[in-house]
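1. coords please:
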Amino acid sequence: MSDRETIDSTMATVAEKIKHQTSTISWLEKAREKAEDRGDKDAVVLYKIRIGECYDKITELRKGKHMSEYEEDTPSYESATYTKREDGLFLDGDVVEEDTTEKKIEPIIDDSVIGKLKASVEIPEEFKFKDNMTFYTMLRNIFRNKYILITGPSGCGKSSLGKILADITNKPFHQFNFGDSMNPAAKLLGDTKYNQEDGTWFKPSRFVSALQDKAGSFIMLDEVTRDRTGDLSNILMPVLDGQRYLALDESDDADIVQLNTNVFFFATANIGREYLGAAHDLDRAWKDRFTGGIYELDYLPQNKEQELIEIRVPHVSEDDARRITEFAKKIRDLYKAEELNVAVSTRMCIAVAELVVDGMTLLEALKHTVLPFYPITAGDDTDRVKVIQAIQSMGD
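-> Numbering: from 1, shown residues only. The predicted structure follows:
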């Protein structure tokens, strides 16, 4: 077969596939309109998925390696049906009328919870994790009311992730940080107050109000491993398990606060040698309460972290964002090798980028942001010297 005949044959096959996808789109559009008329929102979403897949397939076909000579607006291949001659050749003139008979093609629909979420919710730009499925499984867990626990180093985006998920799911967001409290009982339950008019009275906490919010709160329990009193886990165990209640004190006749049916818990924990009170793993009883899974997040891969910096700090140059992430990787590699006690967080990288945009040189911004985390302790400046050398290696 000649080159011309091979090209014609291949292009005819591609044209037939495009025509098939176009016919499928036409049928799906009609089905979608009918679903809209009867108010079936789930079906509408799923038809849209399938339509999008068909368009993607057409684009893929047009960009195929055999389509280099194919023009989108060339009707001879897109609207033609090719037939084989007795001599086995496909020639330009061997075209018959197109078969316009509409064929009913059953759409392939993913009607699972995660499939519907993928169809209706786009991944936000600031969500930069290794695997996009992480995002959709988290949304699924919120939909199913399966609590989530996120572990990972400080500044890797755990708290920011909670706020993103709350916004997407349109839940009232309530954040409670336990790294700044020596009295978690007061933060969770409330406190006793006194004034001359009313005498002694009990004021319920903001946490109590969040549990009873009729809209179904998104409650973030931040830095749960920072509690050093032991009160936090004792109070929250009946809240997080099947009992779903909060006792306002330990007496037998204590007032009980019942949780709203749709309240959701999202907890974060810093685990590592550099975190006070968090050098060891979480208690097994804690883990069992988070039936939606325990997600171990790490710092982003360098390219993803660079993208995130460019999103959060729009005016930073691509080169500066790249150099900042290169520096962060150097420090994290030293930390993993246990040559440093503290790593550089994504939060610190963003702070450096903001200083560079505002006029500092990269080296000045790195020194200003990073060095305070590596103080000279008891005359030992080993860590600080290593970090200074890493900063200097970045050049001017």
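
2. Every contact and neighbour count from this point should use C-alpha atoms.
-> Fine.

3. quick one: low-confidence ranges for the stretch 251-396 of the chain?
-> Within the stretch 251-396 of the chain, the stretches with pLDDT under 70 are 251-254, 271-282, 378, 396.

4. Try it again at 50.
-> Residues of the stretch 251-396 of the chain that meet the criterion pLDDT under 50 lie in 276, 278-279.

5. tell me the helices in it, going along the chain?
-> 284-289, 302-312, 318-336, 346-357, 362-370, 382-392 (DSSP state H, counting those that start in this stretch).

6. Residues contacting the shortest one, please?
-> Under the criterion C-alpha atoms under 8 Å, 6 or more residues apart in numbering, residues Tyr147, Leu149, Ser233, Met237, Leu240, Asp241, Ile294 lie in contact with helix 284-289.

7. Output the helices of the stretch 251-396 of the chain as JSON lines; include the columns mean neighbour count and distance to Val113.
-> Shown next, in JSON lines, are the helices of the stretch 251-396 of the chain (neighbours: other C-alpha atoms under 10 Å; distance: least, C-alpha to C-alpha, whole Å):
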{"stretch": "helix 284-289", "mean neighbour count": "13", "distance to Val113": "22"}
{"stretch": "helix 302-312", "mean neighbour count": "19", "distance to Val113": "27"}
{"stretch": "helix 318-336", "mean neighbour count": "18", "distance to Val113": "36"}
{"stretch": "helix 346-357", "mean neighbour count": "21", "distance to Val113": "32"}
{"stretch": "helix 362-370", "mean neighbour count": "19", "distance to Val113": "43"}
{"stretch": "helix 382-392", "mean neighbour count": "17", "distance to Val113": "47"}
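
8. can you list those helices in a markdown table and add distance to Met133?
-> Listed next are the helices of the stretch 251-396 of the chain as a markdown table, based on distance: least, C-alpha to C-alpha, whole Å:
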| stretch | distance to Met133 |
| --- | --- |
| helix 284-289 | 22 |
| helix 302-312 | 16 |
| helix 318-336 | 24 |
| helix 346-357 | 21 |
| helix 362-370 | 33 |
| helix 382-392 | 35 |
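
9. a strand runs through Gln175, doesn't it?
-> Yes - the assignment for Gln175 by DSSP: H, G, I helix; E, B strand; the rest coil puts it in a strand.

10. Give me the nearest residue to it, chain neighbours excluded.
-> Nearest non-adjacent residue to Gln175, counting by C-alpha to C-alpha, 6 or more residues apart in numbering: Met220, 4.7 Å away.

11. That neighbour and Ala210, how far apart?
-> 11 Å (C-alpha to C-alpha, to the nearest Å).

12. isn't the residue nearest to Gln175 right up against Ala269?
-> No - Met220 is beyond contact range of Ala269, at 11.1 Å (criterion: C-alpha atoms under 8 Å).

13. Need the three-state assignment for the residue nearest to Gln175.
-> strand.

14. Just give me the neighbour total for it.
-> If you count neighbours by other C-alpha atoms under 10 Å, Met220 ends up with 23.

15. picking that back up, now that we have the contacts of helix 284-289, which of them are buried?
-> The neighbour count (16 or more other C-alpha atoms under 10 Å) marks Tyr147, Leu149, Ser233, Met237, Leu240, Ile294 as buried among those.

16. quick one, phi/psi of the first one?
-> What it means is Tyr147. Main-chain torsions, Tyr147, degrees, to the nearest 10: phi -60, psi 150.

17. ditto for the second one
-> Listed backbone geometry of Leu149 is phi -120, psi 130, with angles given as degrees, to the nearest 10.

18. Now do the contacts for the closest residue in space to Ala328 that isn't next to it in sequence.
-> Computed as C-alpha to C-alpha, 6+ apart, the closest residue to Ala328 that is not its neighbour in sequence is Val344, at 5.6 Å. Residues in contact with Val344 (C-alpha under 8 Å, 6+ apart) are Ala328, Ile331, Arg332, Val370.

19. measure the nearest residue to Arg332 once chain neighbours are set aside to Lys146 for me?
-> Spatial nearest neighbour of Arg332, chain neighbours left out: Ala343 (5.2 Å); criterion: C-alpha to C-alpha, 6+ apart. Between Ala343 and Lys146 the distance is 32 Å, computed by C-alpha to C-alpha.

20. Show me which of those two is the more surrounded one.
-> Ala343 (23 against 18).

21. quick one: that one and Ile331 touch, right?
-> Yes - between Ala343 and Ile331 there is a contact under C-alpha under 8 Å: 6.0 Å.

22. ranges for the helices of the stretch 101-250 of the chain?
-> Going by DSSP H, counting those that start in this stretch, the stretch 101-250 of the chain shows helices at 113-120, 133-143, 158-169, 184-188, 206-211, 231-240.

23. Can you name every helix or strand that the fifth one contacts?
-> Same thing as helix 206-211. helix 184-188, strand 256-258 (3 or more C-alpha pairs under 8 Å, 6 or more residues apart in numbering; DSSP states H and E).

24. Now do it: everything it contacts.
-> Outside helix 206-211, the residues that reach it (C-alpha under 8 Å, 6+ apart) are 174, 176, 187-190, 217, 219, 257-260, 263.

25. List the buried residues of it.
-> For helix 206-211, by 16+ other C-alpha under 10 Å, it's Phe207, Val208, Ala210, Leu211.

26. Can you dump the C-alpha atoms of that helix in PDB for me?
-> Presented in PDB, the C-alpha positions along helix 206-211 are these (Å, rounded to 0.1, in the frame of the first residue of the first chain):
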ATOM      1  CA  ARG A 206     -18.000  28.700  71.700                       C
ATOM      2  CA  PHE A 207     -17.400  25.000  71.100                       C
ATOM      3  CA  VAL A 208     -20.800  24.100  72.600                       C
ATOM      4  CA  SER A 209     -22.500  26.600  70.300                       C
ATOM      5  CA  ALA A 210     -20.700  25.100  67.300                       C
ATOM      6  CA  LEU A 211     -21.900  21.600  68.200                       C
END
